[in-house]
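S.K.: Quick check, what structure comes out for this input:
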Amino acid sequence: MNTTTRLKLSAMMFLEFFIWGAWFVTLGTYLFSNLKTSATQVGVAFLTQSIGAIVAPFFIGLIADKFFPAQRILGILHLLGAALLWLASEVRDFDTFYPYILVYMILYMPTLALVNSISFRQMKNPSTEFPKIRVLGTLGWVVAGLTIGWLNWEQTGQLGLTFKMAAVASAMLGLFSFALPSTPPVKRGEKTSVRDLLGLDAIGILKNKSYLLFFLSSVAICVPLAFYYGFTNPFLNSVGMESAAGKQSLGQISELLFMLLMPMFFMRLGVKKMLAIGMLAWVVRYVFFAFSDADANYWMLIGGIVLHGICYDFFFVTGQIYTDNLAGEKFKSSAQGMITLATYGVGMLIGSLLSGVVVDKYQTGPETHDWQTIWLIPAAIAAAVLLLFLLLFKDRNTQQPATAAFAPETDKAPAVTSLP
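M.R.: Have a look, this model is predicted:
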């Protein structure tokens, strides 16, 4: 890949995640403070991500893969998204705000697959080239959080500007997309079934009892994950953390560092222990939040944020590799689509609804909540999932070939080249 292409793809990935991080992290605080919503409404706003994740496979499979070059669709979606984000920043009530953000997420979530597709199509060796491009996305998310913290928008009640900042970045990426390398449709003229789009061709992998347990655990662990996404920023601001959005970017920095260390952990631990450590990190994170404050126990707030790297990498990334290992060559893509739909679609949808109801239940005043009880609930859910996983997941000491579709149960990691 030549230098010009690499720079274009890097800029694309940076802007893609800068846009998301610019408004998504502080959405809960904005809704509470600016639109005076209930926590249930906050949860409903965050479940737009799940709706977008469910719609995305249909969009990509029925339109992007068949009719138009990916870079042009990316450009159009981001230009439309820029308008929606700007309009959302101007409204002053939730009922008007929600349709804008719902349509926006339905348009945005397919772009996550599009930027990956555009990148992979330009690469001769994705296993070594893609991580160097994808890391710019995490950097974009971090820069967005640091910018919000530096400008002090949370403390000054100006979080509406986050949507305008994201809108400007979205317009930039929309226009820039038309200068990206050409990525024509790959399935023009082919028939695509609903089964293909949802990854159901890989459903046979669930006959593996240990994988079925992992699959159900993945859905269940997304319930406490929704608590983190929806209510961490309002919580941090309520306990008095300054520049909370900027501090939350430590989670993404942690994610990067643990991603680099994962090959070493794989060799020493194997899949079962990796998954278990990831789930244990969820429990510890929420216990930290429950007993933290902005004074003597401030370290717990920072610790809970930094644990994001272990929570995400050890469970979700390990799970993607475990899925890839068991699915076999024929069903790799379908299996990844199925697990993504189950987690970010079904799991996060349930979690977004439940988290909002829980936070409303433990509201103690006009702008105060019993955060200790609130955080102990996702901690208990994560602990229950971890316990069932440890008791029922079968630990095998021999690794089956990764190319054997629906292989017998195994907890050994595949080669680290599978990481990307």
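S.K.: Can you name the next helix or strand after the least confident helix or strand in the chain by mean pLDDT?
M.R.: Within the chain, no helix or strand scores below helix 194-197, which has a mean of 58 by mean pLDDT, DSSP states H and E. Of the helices and strands lying after helix 194-197 in sequence (DSSP states H and E), the nearest is helix 209-238.
S.K.: elements contacting that next one?
M.R.: Where contact means 3 or more C-beta pairs under 8 Å, 6 or more residues apart in numbering; DSSP states H and E, helix 209-238 is packed against helix 27-33, helix 39-46, helix 244-290, helix 318-327, helix 348-361, strand 368-369, helix 371-392. Any C-beta I mention is one placed from the backbone N, CA and C, and that applies to glycine too.
S.K.: which stretch in the ones you listed has the least confidence?
M.R.: When the helices and strands packed on helix 209-238 are ranked by mean pLDDT, helix 318-327 comes last with a mean of 77.
S.K.: Which strands and helices lie in contact with that one?
M.R.: Helix 318-327 sits against helix 209-238, helix 244-290, helix 332-340, with contacts defined as 3+ C-beta pairs under 8 Å, 6+ apart.
S.K.: Any stretches of the chain with poor pLDDT?
M.R.: 59-66, 127, 186-202, 328-334, 336, 395-420 (pLDDT under 70).
S.K.: so what are the domain limits for it?
M.R.: Annotated domains of the chain cover 1-182, 195-420 [automatic domain parsing].
S.K.: Now render these as a markdown table, adding mean neighbour count.
M.R.: Below are these laid out as a markdown table (neighbours: other C-beta atoms under 10 Å):
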| stretch | mean neighbour count |
| --- | --- |
| domain 1-182 | 20 |
| domain 195-420 | 19 |
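S.K.: Confirm that Thr364 sits in a helix.
M.R.: No - looking at Thr364 with DSSP: H, G, I helix; E, B strand; the rest coil, it is strand, so not inside a helix.
S.K.: is it true that it touches Asp370?
M.R.: Yes - using C-beta atoms under 8 Å, Thr364 is in contact with Asp370, at 5.4 Å.
S.K.: Any figure for the gap between the residue most central in space within the chain and Ala384?
M.R.: Centroid-nearest residue in the chain: Tyr344, 7.3 Å away (criterion: C-alpha atoms, centre = their mean). Separation of Tyr344 from Ala384 (C-beta to C-beta, to the nearest Å) stands at 21 Å.
S.K.: Ile118 now?
M.R.: In this view, Ile118 and Ala384 are 41 Å apart by C-beta to C-beta.
S.K.: I'd like the helices and strands packed on helix 209-238 laid out as a markdown table, including distance to Tyr108.
M.R.: A markdown table is the format used below for the helices and strands packed on helix 209-238 (distance: least, C-beta to C-beta, whole Å):
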| stretch | distance to Tyr108 |
| --- | --- |
| helix 27-33 | 13 |
| helix 39-46 | 14 |
| helix 244-290 | 18 |
| helix 318-327 | 21 |
| helix 348-361 | 15 |
| strand 368-369 | 29 |
| helix 371-392 | 26 |
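S.K.: can you tell me which of the ones you listed comes nearest to Phe130?
M.R.: Closest to Phe130 of those, according to C-beta to C-beta: helix 244-290, at 12.4 Å.
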